[in-house]
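Engineer: the sequence and its predicted three-dimensional model are supplied below.
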Amino acid sequence: MSRGKVEIDDDRCKGCGLCIEACPQDVLEFSDDFNSSGYNYVTPENPEDCIGCGFCGKVCPDVAITVYKLQKEGV
């Protein structure tokens, strides 16, 4: 079960890849698509592996990533 959720604003992403390198769980990868500015943006490929650490969002120079910590059920 995922402990975090990562959302990427595709139109803000410029495809630098810093978030991919920063992710300890290999959640992110480059999309096969391009955004409205012509950049090959990053997308969560393995969202279920997200631990909610937020490293990806901290290194994003375009502020295109939001990370949410998910609460455990029954808490």
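Structural biologist: It's in.
Engineer: how many other residues sit next to Ala64?
Structural biologist: Ala64 has 22 neighbours, counted by other C-beta atoms under 10 Å. Quick note: C-beta positions are derived from backbone N, CA and C, even for glycine.
Engineer: where does the nearest residue to it once chain neighbours are set aside land in three-state SS?
Structural biologist: Spatial nearest neighbour of Ala64, chain neighbours left out: Arg12 (3.7 Å); criterion: C-beta to C-beta, 6 or more residues apart in numbering. Here Arg12 is recorded as coil under DSSP: H, G, I helix; E, B strand; the rest coil.
Engineer: gap between stretch 22-31 and the chain center?
Structural biologist: 7 Å (C-alpha atoms, centre = their mean, to the nearest Å).
Engineer: CA atoms only: put that stretch into CSV for me.
Structural biologist: Output in CSV follows, covering the C-alpha atoms of stretch 22-31 (Å, rounded to 0.1, in the frame of the first residue of the first chain):
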residue,chain,number,x,y,z
ALA,A,22,16.0,12.1,-6.2
CYS,A,23,13.2,9.5,-5.8
PRO,A,24,14.5,6.6,-3.6
GLN,A,25,11.6,4.4,-4.8
ASP,A,26,11.9,4.8,-8.6
VAL,A,27,8.3,6.1,-8.7
LEU,A,28,8.9,8.6,-11.5
GLU,A,29,9.9,8.4,-15.1
PHE,A,30,9.7,10.4,-18.3
SER,A,31,6.4,10.3,-20.1
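Engineer: now that stretch: buried residues?
Structural biologist: 22-23, 25, 27-28, 31 (16 or more other C-beta atoms under 10 Å).
Engineer: what's in contact with it?
Structural biologist: 6, 8, 10, 15, 17, 19-20, 40-47, 49-51, 53, 55-56, 58-59 (C-beta atoms under 8 Å, 6 or more residues apart in numbering).
Engineer: the chain: strands as residue ranges?
Structural biologist: 4-8, 28-30, 42-44, 65-69 (DSSP state E).
Engineer: nearest to Ser36, of these?
Structural biologist: strand 4-8 (14.1 Å; C-beta to C-beta).
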